[in-house]
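Undergrad: What shape does this take:
(2 chains)
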2 protein chains.
Amino acid sequence: MTHEPAARPGTTVSELSESQLLEAFLPGATTRGAQVLTGPGDDCAVVATPGGRVVVTTDTLTEGQDFLAVWPSGRHTTGADLGRKCAAQNLADVASMGAVPTAIVVSLTLPGDTPVQWVTDFATGLSRAFEELGASECALVGGDLGRGTELSITATAMGRCELPPVLRAGATAGGVLVHTGVLGRAAAGLAALLSPVPGPWDGVPEELREQLTTAQLRPRPPVTAGLALARAGATAMLDVSDGLLRDAGRLARASGLVVDLDPAALETAAETLEPAARAVGADPWQWVLTGGEDHGLLAVLPVDSPLPPGARAIGSCAPTAPARTAPGVVDEEGTAAHEQHRAGPAVTIAGRSPRQWFGRDVVEGWDHFEP
Amino acid sequence: MTHEPAARPGTTVSELSESQLLEAFLPGATTRGAQVLTGPGDDCAVVATPGGRVVVTTDTLTEGQDFLAVWPSGRHTTGADLGRKCAAQNLADVASMGAVPTAIVVSLTLPGDTPVQWVTDFATGLSRAFEELGASECALVGGDLGRGTELSITATAMGRCELPPVLRAGATAGGVLVHTGVLGRAAAGLAALLSPVPGPWDGVPEELREQLTTAQLRPRPPVTAGLALARAGATAMLDVSDGLLRDAGRLARASGLVVDLDPAALETAAETLEPAARAVGADPWQWVLTGGEDHGLLAVLPVDSPLPPGARAIGSCAPTAPARTAPGVVDEEGTAAHEQHRAGPAVTIAGRSPRQWFGRDVVEGWDHFEP
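TA: Numbers count the residues shown, from 1 in each chain, chains lettered A, B, ... in the order given. So this is what the prediction gives:
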């Protein structure tokens, strides 16, 4: 076999068989790794799981829902963008357990007119993300290729644990809330992508615009910080994928406490977004506190734990105010959260409720946001 | 919380938030299992992997591609059908490694007008499949719910290995080819589903028609046979998902030998399809030998190994005829397969090529089928 390119330029997936498409896909993908005992090609892959347990997470990116093929700003979402994003969001979930990513399987559902080059770019983007995010043990070990009317990508990532996995529920009052990664940049980038050209974003320096859209299209979560935070003694951790307020609320509820954010520690994040926010009439604090898809890590460390590199203390954990309703109506499922909610918000900012702090209602109906 | 039903009858997913949809989904799903250390609700699930390794596989079912919402026969594909099928095809892959299914994650991409009841039915179908297929250790441990224009389901299943995983490539000449499960029934069922009513299938007894369409919509792979075959000493194994000839060819090529099928051993399978085939002018042997989606297991056992219950010897493994081209042009990648192909087919039927045996070309261009 002469290993000719699988397809000439301009070929679409509808012109290839599944095995030809696989030939366009696999050469660019990292399929070997220290933990990969059997890679792609059999009914299953076989992955080593030292320690006798594995963490697993899955995420889907669907065109129109999670990204646009062409954004109002004119930017096209490339295969490489989606390879990186799909890796990033799954690896961040693995990292947030304090685990080390070892393997990923990817299912691509592709419209027939998708260029084969897109598929090759996707594989390369995926593998580049492994490198750039420090997921050096991670490999693509399997997948599925199919057709559909809508471009959709589902990735499932696994990771090995050298320490007990860090759940959301382990934080205790008195712990220090720490964060690594960026805040609000992906949300600002989304706003830029969704803004037609010409438009208000024209007033934002191109370099900043580019940085922000890249934060949205190719997020770079601090994957190696997951294990570092676990080693530093993190008692609770999660990936900030739906905004700091919402995800801090999840951690607070799962752990049964109140998280208080320190705005002084978040000021730098807001300041870097200030020029863009001013130009487009947005509130940089709304991006920082409620913007999704940054995929930073939020953890609770015991007081006096040394902070791993890149981690920053941004708040504290306090006991929940006692519920004012009779204990009889509180069960261990959802009701506890409802009752806590009545007793006060799960997340405060400098001791005030988000509504008080902002001086207005904030996005997504903070008072009724989902746990 | 009073645990009211998540939605009144007729509610569609567009009317619910993701967490409400999850409430409709999770109660019907089996989310606990012996190997589940942390189930749904955190960034990752945590699954025990005794033995220090795990097998993993992923498959996508997309509407229009892998199933029709409403078939030409008038049959609707229900959520329960897809829950079962998605479980079955993934668990069969796990079983074909000689492994025991332990965990599955499922991502559902749903059009907004999907009834919430569909989602509940899907969860129930998935869990019923675990029970019915003997996957008693398996649980749903995580997933993702999203919207899209097209209904699409991606499941990733994992399994524990108490023996070294059985790959496709381990068969040796002299081994006995064995099969467990059904052959051709899913393909016949597909033909029935694709045939408009009234039509030729009206002449087939309703009970048989129902059996066959059920084989297609709710396949019942012999999941527990995977470990039994591994224990019996299987040196190679795979899931017959693309037809016996094609999948036997994959095993033969991966192992570097020729598989000869014994038609006498397959006669019962063809005979049970005969009434349907006669009524609709089809060839029952084509269903048996080339029909996909049965998800039976095909394995190679050493001669004189006791056959596990349900397994049936259907052929033998012989050395490959020497290639007639110079060895210099053969490399270890694809070329070896091409050269083998020139030296003769990887699968024969009673010593003859499929074309000779059928007396005509068979579906999917047998002479050029993909490895």
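
Undergrad: residue boundaries of the strands in the stretch 51-200 of chain A?
TA: A:53-62, A:100-110, A:139-147, A:152-160, A:176-180 (DSSP state E, counting those that start in this stretch).

Undergrad: tell me the most buried of those strands?
TA: With neighbours taken as mean count of other Cβ atoms under 10 Å in any protein chain shown, the strands of the stretch 51-200 of chain A reach their highest mean count in strand A:152-160, at a mean of 29. Using the backbone N, CA and C atoms, a C-beta is placed for each residue, glycine as well.

Undergrad: what mean pLDDT would you report for that strand?
TA: Strand A:152-160 carries an average pLDDT of 98.

Undergrad: Which residue, neighbours along the chain excluded, lies closest to residue A:277?
TA: Closest residue to residue A:277 apart from its sequence neighbours, by Cβ to Cβ, 6 or more residues apart in numbering or on different chains: residue A:284 at 4.0 Å.

Undergrad: picking up where we left off before, can you redo the strands of the stretch 51-200 of chain A as a markdown table with distance to residue B:217?
TA: Converted to a markdown table, the strands of the stretch 51-200 of chain A look like this (distance: least, Cβ to Cβ, whole Å):
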| stretch | distance to residue B:217 |
| --- | --- |
| strand A:53-62 | 24 |
| strand A:100-110 | 21 |
| strand A:139-147 | 18 |
| strand A:152-160 | 22 |
| strand A:176-180 | 48 |
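
Undergrad: Any chance of the ones you listed in CSV with distance to chain B as columns?
TA: Compiled in CSV, these are given as follows (distance: least, Cβ to the nearest Cβ, whole Å):
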stretch, distance to chain B
strand A:53-62, 4
strand A:100-110, 4
strand A:139-147, 5
strand A:152-160, 4
strand A:176-180, 15
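
Undergrad: closest one to residue B:289 among those strands?
TA: Proximity to residue B:289 (Cβ to Cβ) singles out strand A:139-147 among the strands of the stretch 51-200 of chain A, at 24.3 Å.

Undergrad: and the closest one with strand A:100-110, angle?
TA: 10 degrees (axes from the mean of the first three to the mean of the last three Cα atoms, to 10 degrees).

Undergrad: Read off the pLDDT value for the most centrally placed residue in chain A.
TA: For chain A, residue A:295 is the residue whose C-alpha lies nearest the centre (Cα atoms, centre = their mean; 3.2 Å). We have a pLDDT of 98 for residue A:295.

Undergrad: Surely it and residue A:87 touch.
TA: No: counting by Cβ atoms under 8 Å, residue A:295 does not reach residue A:87; the two are 10.7 Å apart.

Undergrad: List the buried residues of stretch A:285-303.
TA: A:285-301 (16 or more other Cβ atoms under 10 Å in any protein chain shown).

Undergrad: State the pLDDT value of residue A:362.
TA: pLDDT at residue A:362 comes out at 83.

Undergrad: Share the number of residues neighbouring it, please.
TA: Residue A:362 has 21 neighbouring residues, counting by other Cβ atoms under 10 Å in any protein chain shown.

Undergrad: cool, residue A:33 as well?
TA: Counted with other Cβ under 10 Å, residues neighbouring residue A:33 total 22.

Undergrad: Make sure it is indeed in a helix.
TA: No: read with DSSP: H, G, I helix; E, B strand; the rest coil, residue A:33 is coil and lies in no helix.

Undergrad: Now do the phi/psi pair for it.
TA: phi -160, psi 170 (degrees, to the nearest 10).

Undergrad: which residues touch it?
TA: Residues near residue A:33 by Cβ atoms under 8 Å, 6 or more residues apart in numbering or on different chains: A:102-103, A:137-139.

Undergrad: one more time with 7 Å
TA: A:102, A:137-139 (Cβ atoms under 7 Å, 6 or more residues apart in numbering or on different chains).

Undergrad: my guess is residue A:142 contacts residue B:59, does it?
TA: No: checked against Cβ atoms under 7 Å, the pair residue A:142 and residue B:59 is beyond contact range at 10.0 Å.

Undergrad: Tell me where the stretch 51-200 of chain A has helices.
TA: Here the stretch 51-200 of chain A has its helices, by DSSP state H, counting those that start in this stretch, at A:79-95, A:116-132, A:185-194.

Undergrad: Quick check, pLDDT for residue A:28.
TA: So, for residue A:28, pLDDT stands at 88.

Undergrad: Can you tell me, leaving aside adjacent residues, what's nearest to it?
TA: Nearest residue to residue A:28, sequence neighbours excluded (Cβ to Cβ, 6+ apart): residue A:123, at 3.8 Å.

Undergrad: how far away is that neighbour from residue B:67?
TA: 28 Å (Cβ to Cβ, to the nearest Å).

Undergrad: and what of residue A:230?
TA: Distance of residue A:230 to residue B:67, given as Cβ to Cβ: 42 Å.

Undergrad: before we move on, what about residue A:352?
TA: The gap separating residue A:352 from residue B:67 is 53 Å, by Cβ to Cβ.

Undergrad: Equivalent analysis for residue A:73, please.
TA: 37 Å.

Undergrad: can you tell me which residues contact the nearest residue to residue A:67 once chain neighbours are set aside?
TA: The shortest distance from residue A:67 to any non-neighbouring residue, by Cβ to Cβ, 6+ apart, is to residue A:77 (5.0 Å). Contacts for residue A:77 (Cβ under 7 Å, 6+ apart) come out as A:67-69, A:217.
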